[in-house]
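**Q** I'll drop the sequence and a predicted model, then ask my questions.
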Amino acid sequence: MKTPFILTCSLAAGLLSAQADTYKLKNGRSFEGKIAMETEDSYILLIEIQKGVRDEITVKKSDVESILKEDKSHDAFKKILTLLPISDLLTEKDYQNLISKNLTPFLEEYPTSEHLADVKKIELRY
């Protein structure tokens, strides 16, 4: 029961390097970032300008049209990816234990996750 290296790499490549909420403004601009601080009338967002370079910006709440929250399943999926590749020397009981403690909870907690198909593929391999 070996997970091909290609499957592992393709699943990992599908993840965003940094997860953030998306703030769409009324003027059409949008920012991806995390709230560093919130005041009564504004958000101070920590945004990534380029890989490894972050900055803080202040956005008035009255200028925000919508906020799209990040998908919490990304972090849970990253945890699953750390388990791959799984050793060929596990017993059947060990494989079942691995599935029941890691994959099954993900499938139950995030039934609409964009990673659902990938987790099901991993589950089928074992």
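**A** Yep, that arrived. Residues are numbered from 1 along each chain as shown.
**Q** Roughly how far does the residue of the chain positioned farthest from its centre sit from P105?
**A** Within the chain, T91 marks the point farthest from the mean C-alpha position, 30.1 Å out by C-alpha atoms, centre = their mean. Distance, T91 to P105, by C-beta to C-beta, to the nearest Å: 21 Å. (Each C-beta comes from the backbone N, C-alpha and C, glycine too.)
**Q** Show me the protein divided up by domain.
**A** As assigned by automatic domain parsing, the chain contains the domains 5-15+71-125, 21-68.
**Q** With adjacent residues omitted, what lies nearest to N27?
**A** D63 (7.2 Å; C-beta to C-beta, 6 or more residues apart in numbering).
**Q** does that neighbour really touch G28, like I thought?
**A** No: at 11.1 Å, D63 does not count as touching G28 under the criterion of C-beta atoms under 8 Å.
**Q** Which of those two has more residues huddled nearby?
**A** Counted by other C-beta atoms under 10 Å, D63 and G28 do not tie: D63 has more neighbours, with 13 against 7.
**Q** So what touches stretch 42-59?
**A** Outside stretch 42-59, the residues that touch it by C-beta atoms under 8 Å, 6 or more residues apart in numbering are 17-18, 20, 23, 25, 31-38, 60-61, 64.
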